[in-house]
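Undergrad: Attaching a predicted model along with its sequence, questions to come.
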Amino acid sequence: MLPNKHKFECALVSKKKEVEGIITLKFNVGKNEKISFVPGQYVIVYLDGRSGSEGKAYTISNIPGDKFLAITVKKIGKFSTALHELKIGSIVTMEGPMGYFYPDEKGGELVFLAAGIGITPFVSVIRTCVRDNLFEDRKISLFYSNKTKEDTAFFDELNGISEDNKNIRLFYYLTRQKIKDRHIKEFKRIDITGIKNKLKSLENKDYFICGPIKFVSDLRRAMLDGGVDELNIHTEAFY
């Protein structure tokens, strides 16, 4: 694994639109660098000369073993806009990988709670589980909230994975749209009552919550009030 505080240069090789305002940027790193990370970790991206010297954290959205590094970016500010406007061949500096927002390799059922671009660490974990055939030993329940279906990144990919793997369940939530779609049944915010009803029990599970600060803090508090052990709740908030 690359040690913390390790900086390396990357060249942008492709840009893929996921949904409106969200793109995946794929980078090649230097020949002397080894890309090694755990699904759920992040890197700090620096754009010297364009957005100042301060970096910003982005979750790695591809999977270990790939010969590239990818981040998925929502266009919500000057820094992310600069990333969206990068041209193929542009060089950026990254630092990492960093973070501990990932499940143990062995364990019980996983419950992922995501809002918006908070889906990125879970996509990396789920993709890795597919590649490494981990579903026989582990169940995953993903609760994924967005304003509209059009805002829901990785929608088709996640549906395909779920259809091919009985041990992953998807629960989509839309907060500003009601539509007819066989995959989407909830048109409200994710809440503890809905989580408990779908899981039948909150016990013996590890919970990972990722999204905006209020989304994360509200669900964490609800989980604690619902009797979930603090040690079984893992959070990562986007600022």
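TA: Looks like it arrived, so ask away.

Undergrad: Longest strand in this structure, please.
TA: Counting by DSSP state E, the longest strand found in the chain is strand 7-19.

Undergrad: what about the spatially most central residue of the chain, which helix or strand?
TA: Among the residues of the chain, the one closest to the centroid is residue 120, at 1.8 Å (Cα atoms, centre = their mean). Element membership for residue 120, per DSSP states H and E: helix 120-131.

Undergrad: Correct me if wrong: residue 227 contacts residue 202.
TA: Yes - using Cβ atoms under 8 Å, residue 227 makes contact with residue 202 at a distance of 6.5 Å. The way it works is simple: take the backbone N, C-alpha and C, and place the C-beta from them, glycine included.

Undergrad: neighbour count winner among the two?
TA: Set side by side, residue 227 and residue 202 show more neighbours around residue 202, with 17 against 9, by other Cβ atoms under 10 Å.

Undergrad: Residue 41 is in contact with residue 59, correct?
TA: Yes - because the distance of 7.5 Å satisfies Cβ under 8 Å, residue 59 is recorded as touching residue 41.

Undergrad: Give me the more crowded residue out of the two.
TA: residue 59 (27 against 21).

Undergrad: can you tell me the helix or strand for that one?
TA: strand 56-59.

Undergrad: for that strand, what is the average pLDDT?
TA: For strand 56-59, mean pLDDT rounds to 96.

Undergrad: Please apply the same query to stretch 111-123.
TA: 97.

Undergrad: Show the end-to-end separation of it, please.
TA: 13 Å (Cα to Cα, to the nearest Å).

Undergrad: Buried residues, stretch 205-218. List them.
TA: Neighbour-count burial for stretch 205-218 flags 205-211, 215-216, 218 (criterion: 16 or more other Cβ atoms under 10 Å).

Undergrad: and it, how far from the chain's centre?
TA: On the basis of Cα atoms, centre = their mean, to the nearest Å, stretch 205-218 sits 12 Å off its chain's mean C-alpha point.

Undergrad: Show me what that stretch is in contact with.
TA: 40, 101, 103-104, 107-122, 145, 190, 199, 219-220, 223, 228, 232-239 (Cβ atoms under 8 Å, 6 or more residues apart in numbering).

Undergrad: Only C-alpha atoms, please: export it in CSV.
TA: Presented in CSV, the C-alpha positions along stretch 205-218 are these (Å, rounded to 0.1, in the frame of the first residue of the first chain):
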residue,chain,number,x,y,z
LYS,A,205,-24.6,-5.8,11.1
ASP,A,206,-21.9,-3.2,10.3
TYR,A,207,-23.2,0.1,9.1
PHE,A,208,-21.3,2.5,6.8
ILE,A,209,-22.8,6.0,6.2
CYS,A,210,-21.5,8.4,3.6
GLY,A,211,-22.8,11.7,2.3
PRO,A,212,-23.3,15.3,3.3
ILE,A,213,-22.7,16.2,7.0
LYS,A,214,-26.3,16.4,8.0
PHE,A,215,-27.3,13.2,6.3
VAL,A,216,-24.4,11.4,8.1
SER,A,217,-24.9,12.9,11.5
ASP,A,218,-28.7,12.4,11.5
